[in-house]
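**Student:** Structure of the sequence below:
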Amino acid sequence: MLDPETKPWRKALGLLGTLCALFVLLTVVRPVSAAPHYLARLDGSERGEVTAGAFRLDSSRDVRLPVVEDDFNAGMMYEGDEPLPLRGMEGGEEVILLGTFSKVLFPGIRLGWMVLPEAVREKVGEIRGYTDLGAPVILQQAMLEFCSAGHLDRHLEKMRKVNGKRLDTLLTALEAHFPRRVSWTRPRGGMSVWVTLPEGTDVLRIHRESRDAGVRFSPGVLFHPDRGGENAFRLTFIRESEERIAEGIATLGRIIKKQLRRRPTVTAEQKTKDVWI
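**Tutor:** This next block holds a predicted model:
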């Protein structure tokens, strides 16, 4: 489970009076608001520690917060069976489950869905209406017909094969071109890999040089509210061909090797620079 002794969760326990919900992405673990070493892979019995929307941080204390689970990776498992979302498990009836078609189907379709507890369904519907009067009816009807005809299932089956090969290519290229002191996750699904470099590595400099060379990634500081993750980054692999992935990782590997030979100390000023891309 989540380790309450690690830094982000100590902060969370101290802010229970101000926290309004716990936002989780657990089907395929990725670093959002907490690095992977703070967030255990919650599958099997460990994922079942949800009771009426409360998330158990340790064996002695329940944090009574609404749980919002973003399952945008649904359908993108390349190895093994896809685990149930928390919402589908015993005790998960009060979990708010989110999903989207934009990640797994067409990026231009800004259409998602929610599975809500009965107690909040009407209120959320009202808020949704106040926000933008709802998604276009024609788009919703078209998506309903698309899914009902089985086209989404067939598309996901195809993309699992395509993206699974892209992931294999990425992992093979990382083994071939990255230094031994660099580590990375080996996910069973999803859309990205999390890379960790030795402490003190200037990832932002690597980011600038790789961007100039035509290779982009997301620096780890973007995923940490406490400005952690300065020696890590996220690589996404679903947008490029296998050939471009292999080429890009070879380029990035050369830049990382050069930076590790320099190994300057990352200053506080560098950590706070704007690195949004």
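
**Student:** Give me the residues contacting the helix or strand hosting residue 126.
**Tutor:** Remark: residue 126 resides in helix 118-132, with elements defined by DSSP states H and E. Outside helix 118-132, the residues that touch it by CB atoms under 8 Å, 6 or more residues apart in numbering are 96, 114, 116, 134. Yep, even glycine has a C-beta here, placed from its N, CA and C like the rest.

**Student:** Same list (those residues) but as CSV, adding neighbour count, secondary structure and pLDDT.
**Tutor:** Putting the contacts of helix 118-132 into CSV (neighbours: other CB atoms under 10 Å; DSSP: H, G, I helix; E, B strand; the rest coil; pLDDT from 0 to 100) gives the following:
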residue, neighbour count, secondary structure, pLDDT
96, 20, strand, 88
114, 14, strand, 88
116, 17, coil, 90
134, 10, coil, 70
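
**Student:** now the residues you listed in JSON lines, with distance to residue 72?
**Tutor:** Formatted as JSON lines, the contacts of helix 118-132 follow (distance: CB to CB, whole Å):
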{"residue": "96", "distance to residue 72": "14"}
{"residue": "114", "distance to residue 72": "12"}
{"residue": "116", "distance to residue 72": "17"}
{"residue": "134", "distance to residue 72": "20"}
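
**Student:** Considering the residues you listed, which is situated nearest to residue 201?
**Tutor:** Of all the contacts of helix 118-132, residue 96 has the smallest distance to residue 201: 37.8 Å, by CB to CB.

**Student:** can you give me the helices for the stretch 101-250 of the chain?
**Tutor:** Secondary structure of the stretch 101-250 of the chain by DSSP state H, counting those that start in this stretch: the helices cover 118-132, 137-148, 151-177, 203-212, 242-262.

**Student:** Nearest to residue 192, out of those?
**Tutor:** Across those, closest to residue 192 is helix 151-177 (CB to CB), at 9.5 Å.

**Student:** Which positions in that closest one come out as buried?
**Tutor:** Within helix 151-177, the residues scored as buried using 16 or more other CB atoms under 10 Å are 152, 155-156, 159-160, 163-164, 166-167, 169-171, 173-174, 177.

**Student:** now it, how far from the centre of its chain.
**Tutor:** Centroid separation for helix 151-177 versus its chain: 17 Å, with CA atoms, centre = their mean, to the nearest Å.

**Student:** ok, back up a step: list just the nearest of the contacts of helix 118-132 to residue 142.
**Tutor:** residue 134 (15.0 Å).

**Student:** Please list all residues in contact with that closest one.
**Tutor:** residue 128.

**Student:** again with residue 219
**Tutor:** The contact partners of residue 219, taken as CB under 8 Å, 6+ apart, are 203, 204, 207, 229, 230, 232, 233, 275.

**Student:** which of those residues has the most neighbours?
**Tutor:** Within these, most neighbours by other CB atoms under 10 Å means residue 233, with 29 neighbours.

**Student:** how close does it get to residue 175?
**Tutor:** Going from residue 233 to residue 175 by CB to CB, to the nearest Å gives 17 Å.

**Student:** ok, now residue 146?
**Tutor:** Taking CB to CB, one finds residue 146 at 39 Å from residue 175.
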